[in-house]
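**Student:** kindly generate the corresponding structure for this input.
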Amino acid sequence: MAGILFLISAPSGSGKSTLVNQLRSLVKNLEFSVSWTTRPPRGSEQEAREYHFITREHFQQMIDAGEFLEYADVFGNYYGTARNSLTSAFSKGKDLLLDIDVQGAAQVRAKMPDAVNIFLMPPSPEILATRLRNRSRAEGSVQEEVIARRLARARQEIENYREYGYILVNDVLDRAVEEMAAIVAAERIARSGGPASPQDRELLAIAERCRQQNSEARIQPVLQAFGVTKPGTNEK
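**Tutor:** From the prediction side, this is the model:
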């Protein structure tokens, strides 16, 4: 079953890129949309692998031409998804995965309400800070004010978790990859309309545990660690 759009969002440093790369090696007929950005490459990043790196002027030209499905300004740099990535994947009978921030995901949901929404949480602010510092150190510079700014933004992004149908916590990478692959399989099974095999039912069960309404116990410690208040309560 093709033509499914998967959106995955996560705070910077949550391990999303590693998870997505492993997922792509395991799941067939799943294309990945390489986003466009005005920020410079980091470390070993390569053009058209992690991002399409372009100037702000070029990005503005693409905006004016209506070439983006969504775009957002994040920390002073533009990030966007080109419309043709979606049409290209679907025309080949494949599903498409978008690695997208919460601003962009909201834009896409408004246009494509059938999209499958997945939010990846880091286990704690401390672990996220360590990952951010390690990444910065690998790139040659650790700036604590940048780390602090990204942690503050992570909290803001986590506050939007209820906008997502599935929630993953990236405390153990192999488990997160297994859960992500199960979500893709479950959505394909559900939309195919055919009978589920025993193996299918196992994947459906894994995916069902990741649904937002079934994830409260698992994500509650993360919410508390980041100081995120649950909607409609004074509880943190």
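**Student:** show me the contact partners of the lengthiest helix in the chain.
**Tutor:** The longest helix of the chain (DSSP state H) is helix 173-192. Contacts with helix 173-192, where a contact means Cβ atoms under 8 Å, 6 or more residues apart in numbering, come from 1, 4, 6, 8, 15, 18-19, 22-23, 26-27, 30, 95, 116, 118, 120, 166, 168-170, 196, 200, 203-204, 206-210. No exception for glycine: its C-beta is placed from N, CA and C like everyone else's.
**Student:** what's the answer for stretch 19-26, then?
**Tutor:** The contact list for stretch 19-26 (Cβ under 8 Å, 6+ apart) reads 8, 30, 32, 97, 99, 120, 170, 173, 176-177, 180-181, 184.
**Student:** ok, now stretch 87-101?
**Tutor:** Stretch 87-101 is contacted from outside by 2-9, 16-17, 20, 23-24, 29-33, 35, 70, 72, 74, 79, 81, 85-86, 104-105, 108, 157, 184, 188, using Cβ under 8 Å, 6+ apart.
**Student:** ok, 6 Å please
**Tutor:** With Cβ atoms under 6 Å, 6 or more residues apart in numbering as the test, stretch 87-101 has contacts from 2-9, 20, 29-33, 81, 86.
**Student:** any regions of the chain where pLDDT drops low?
**Tutor:** Counting by pLDDT under 70, the chain contains low-confidence ranges at 1-2, 230-236.
**Student:** state the distance from the residue of it positioned farthest from its centre to residue 189.
**Tutor:** What lies farthest from the middle of the chain is residue 195; by Cα atoms, centre = their mean that is 29.7 Å. Distance, residue 195 to residue 189, using Cβ to Cβ, to the nearest Å: 10 Å.
**Student:** repeat that for residue 119.
**Tutor:** Counting by Cβ to Cβ, the gap from residue 119 to residue 189 is 22 Å.
**Student:** ok, the two, which is more surrounded?
**Tutor:** residue 119 (27 against 19; other Cβ atoms under 10 Å).
**Student:** give me phi/psi at that one?
**Tutor:** With angles defined as degrees, to the nearest 10, residue 119 sits at phi -120, psi 130.
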